[in-house]
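Undergrad: Turn this into a structure:
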Amino acid sequence: MMRPEAFLGGAPAVWASAPGRVNLLGEHTDYNEGFMLPLATPQRTEVALAPSEDGRHHAYSSNLDHSLVFGPQTAPGPGFGRYLDGCMRVLAEAGASVPPLRIYVRSRVPLGAGLSSSAALEVATLRALCNWCQFPLDPLRLAQLAQQAEIRFAGVQCGILDQMAASLGDDQHPLLIDARSLAWRPIPLPPASSVIVIDSGVARSLAASHYNQRRGECQQAARLLGVDSLRDVADASLVDQLPEPYRSRARHVLSENARVLAAADGVDAARFGALMNASHASLRDDFAVSHPALDALTSLLRAEPGVYGARLTGAGFGGACVALCAAGQAARTGAQVVAAFNANGGAARVLIPEPQRGDDEPI
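TA: Below you'll find the model as predicted:
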């Protein structure tokens, strides 16, 4: 692994960082113009910049120990370079003058665990570029450009939840986000509570195809109800008239929106946890996006003293789960649950609280 000074030819001229995110409530509601409640992670992605002297961009990922070269007329190919290239191009379209650069990337946001390492990379890159180019952007506009970079240049038809969490959030205050208006406000975690995030060890191999299928089912449910979006359904009882699977898909979206708004209304930890439990049941039974590993992990978590609630987080079909527990108990509880799960052949790991770190200090 190359150190930043070696790749950049000296100390970084500019560096910036951004967090990943975990969604506490509000799953599969963003593309239905609903409500979400993400929380930024303590893990962050760092991007450092220095000038390039040969007219081309040079990028290096310390996590992958991989470097690449690309230029204005040369696409970087698959991998992390697509995100860097996309960020530079959307920023240039917005009016910034982006010169040839050397770009060093290092991340503590786990890759492939559902904590949105891609949005962290995009937001950190845009923050660094804006600093370099002296091109100020407000955090919401930056999130919008990050989303466009991922859609247009990485080919991922994502919502804006991840980018808004990375650009606007912190790891102590969930963000209540309205996907329709993009209005947002931070709210506190319930008093005397903390968050546990566990990666199930099961890759989300089916998430993309089923995501597109669920999105189409929600759109069809809205058409059958005569509305543009499930957000516009004023009477939840109308959903009962739909045939399956549209009835179940719509029921999840409407009930999940209600859970987000209830949690954002200042509930205590026990009530917040009950809403998380109900969310997992809805994702498992109505939206059909859970996985046996996630069901087992959340059950183990709920059985632990001091745990208020647990649910899958992210698109589903593998990935991670999140739990709310009493303050001061997250590390012990997470370790016990992972040990119990892995004793039966699992490969889970605790992501939050962040495990003991090594000597890779921030840039």
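Undergrad: all contacts plus neighbour counts: C-alpha atoms, from now on.
TA: Will do.
Undergrad: Relative to R223, how far out is the residue nearest to L39 when sequence neighbours are not counted?
TA: Excluding its sequence neighbours, the residue lying closest to L39 (Cα to Cα, 6 or more residues apart in numbering) is P174, at 4.4 Å. P174 sits 32 Å away from R223, taking Cα to Cα, to the nearest Å as the criterion.
Undergrad: Please say which of these two ends up with more neighbours.
TA: Between P174 and R223, counted using other Cα atoms under 10 Å, P174 has the larger neighbour count: 25 against 13.
Undergrad: Could you verify my assumption that the more buried one touches P38?
TA: Yes - assessed by Cα atoms under 8 Å, P174 is found in contact with P38 at 5.4 Å.
Undergrad: Helix, strand or coil: sort out V227 for me.
TA: coil (DSSP: H, G, I helix; E, B strand; the rest coil).
Undergrad: Which pLDDT value does the model give it?
TA: For V227, the pLDDT comes out at 98.
Undergrad: correct me, but it touches V233?
TA: Yes - the pair V227 and V233 qualifies as a contact (Cα under 8 Å) at a distance of 7.0 Å.
Undergrad: Compare those two (neighbour count), which wins?
TA: More crowded of V227 and V233, by other Cα under 10 Å: V233, with 17 against 14.
Undergrad: show me the contacts for the more buried one.
TA: L225, V227 (Cα atoms under 8 Å, 6 or more residues apart in numbering).
Undergrad: what's it sitting at in phi/psi?
TA: phi -80, psi 110 (degrees, to the nearest 10).
Undergrad: check contacts around the spatially most central residue of the chain.
TA: Geometric centre of the chain, nearest residue: S116, 3.6 Å, by Cα atoms, centre = their mean. Counting by Cα under 8 Å, 6+ apart, S116 makes contact with G20, R21, V22, V109, D162.
Undergrad: Surely the second one is in a strand?
TA: So that's R21. Yes - assignment of R21 by three-state DSSP places it within a strand.
Undergrad: pretty sure it is touching A165, no?
TA: Yes - using Cα under 8 Å, R21 makes contact with A165 at a distance of 6.2 Å.
Undergrad: Need the residues touching each of the two.
TA: P38, L39, A40.
Undergrad: what sits against the first one?
TA: Right, P38. If a contact means Cα under 8 Å, 6+ apart, then P38 has R21, V22, N23, L24, L25, L161, A165, P174, L175, L176 as its contacts.
Undergrad: So what sits opposite it in the bridge?
TA: Beta bridges link P38 to N23 when assigned by DSSP bridges.
Undergrad: per-residue confidence for it?
TA: What the model reports as pLDDT for P38 is 97.
Undergrad: re earlier: show me whatever sits in contact with both of P174 and P38.
TA: L24.
Undergrad: measure L121 to G86 for me?
TA: For L121 relative to G86 (Cα to Cα), the value is 11 Å.
Undergrad: More neighbours: the two, which one.
TA: When L121 and G86 are compared on other Cα under 10 Å, the one with more neighbours turns out to be L121, at 30 against 26.
Undergrad: I'd guessed that one sits against R21; true?
TA: No - look at L121 against R21 with Cα under 8 Å: they stay out of range, at 11.9 Å.
Undergrad: Before I go, just wanted to say thanks for your time.
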